[in-house]
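> my questions concern the predicted model and sequence given below.
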Amino acid sequence: MLGRLARWLRLLGFDTLYYRDISDAHFFRIAKQQNRFILTRDTHFLRFKNFSDFLLIKLNDTFDQLVELIKILGLKEFGVSRCVRCNGVLLELHEKKEIRSLVPGHVYLHSSKFLRCKDCNWIYWEGSHMKRFRERVCEALHCQNGGWSDSKV
């Protein structure tokens with residue numbers, strides 16, 4: 001239900017697990033063991049009296065969900081540090097030539113900073129989509145630079 005929101009939270013640098021198919025018992029076990037809270041649109045979670053660490057997301061639009069969540073949780077700073085695909089930690093590449101064959105030629109020529117996921121090896125760079133995302137977050141939150149703690153990518 002919230003796969004896109006999970007990706008966007010990772011894009012903001014938040015450690016975010018997402019499972020398409022998981023039993024409630026396993027879901028709760030992971031949340032308790034890893035001291036996480038659950039974001040859901042599923043109202044059946046309201047029945048669980050012994051587990052209160054969840055937030056019911058009511059809005060339909062993913063961006064509106066993101067802004068609502070940022071406001072509710074009082075999140076102030078963001079930074080690209082998580083892989084949107086697997087939630088792995090992103091590491092800055094110090095040798096640009098390492099990724100020459102892994103990115104499009106124009107990206108290699110025009111970008112100077114790259115990050116690589118330590119788990120799945122996916123490569124990230126500052127693109128127009130990232131700039132637009134930051135601008136949109138900033139506009140919605142009425143803050144300077146969208147609260148981004150750095151501009152690594």
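Happy to help now that I have it.
> how close does Phe114 sit to His26?
Here Phe114 is placed at a distance of 36 Å from His26 (Cβ to Cβ, to the nearest Å). All C-beta spots, glycine's among them, are computed from the backbone N, C-alpha and C.
> between those two, tell me which one has more neighbours.
Between Phe114 and His26, Phe114 has the larger neighbour count (other Cβ atoms under 10 Å), namely 24 against 10.
> tally of neighbours for the closest residue to the more buried one other than its chain neighbours?
Excluding the flanking residues, the one nearest Phe114 by Cβ to Cβ, 6 or more residues apart in numbering is Leu93, at 4.5 Å. Look at Leu93: counted by other Cβ under 10 Å, it has 16 neighbours.
> which residues does Asp53 contact?
If a contact means Cβ atoms under 8 Å, 6 or more residues apart in numbering, then Asp53 has Ala31, Arg36, Phe37, Ile38 as its contacts.
> can you pick the most crowded of those?
Highest neighbour count within the contacts of Asp53: Ile38, with 19 neighbours (other Cβ under 10 Å).
> now the helix or strand Val137 falls within: average pLDDT?
For Val137, the enclosing helix or strand under DSSP states H and E is helix 128-141. Averaging pLDDT along helix 128-141 yields 84.
> just the CA coordinates for that helix, please, in PDB.
Only the C-alpha atoms of helix 128-141 are listed here, as PDB (Å, rounded to 0.1, in the frame of the first residue of the first chain):
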ATOM      1  CA  SER A 128      16.900  16.900 -12.400                       C
ATOM      2  CA  HIS A 129      14.400  14.500 -10.800                       C
ATOM      3  CA  MET A 130      16.200  14.900  -7.500                       C
ATOM      4  CA  LYS A 131      16.400  18.700  -7.800                       C
ATOM      5  CA  ARG A 132      12.700  18.900  -8.500                       C
ATOM      6  CA  PHE A 133      11.900  16.500  -5.600                       C
ATOM      7  CA  ARG A 134      13.900  18.700  -3.200                       C
ATOM      8  CA  GLU A 135      12.300  21.900  -4.500                       C
ATOM      9  CA  ARG A 136       8.800  20.400  -4.100                       C
ATOM     10  CA  VAL A 137       9.600  19.200  -0.500                       C
ATOM     11  CA  CYS A 138      10.900  22.700   0.300                       C
ATOM     12  CA  GLU A 139       7.900  24.400  -1.100                       C
ATOM     13  CA  ALA A 140       5.500  22.200   0.800                       C
ATOM     14  CA  LEU A 141       7.400  22.600   4.100                       C
END
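> many thanks, I have nothing further to ask.
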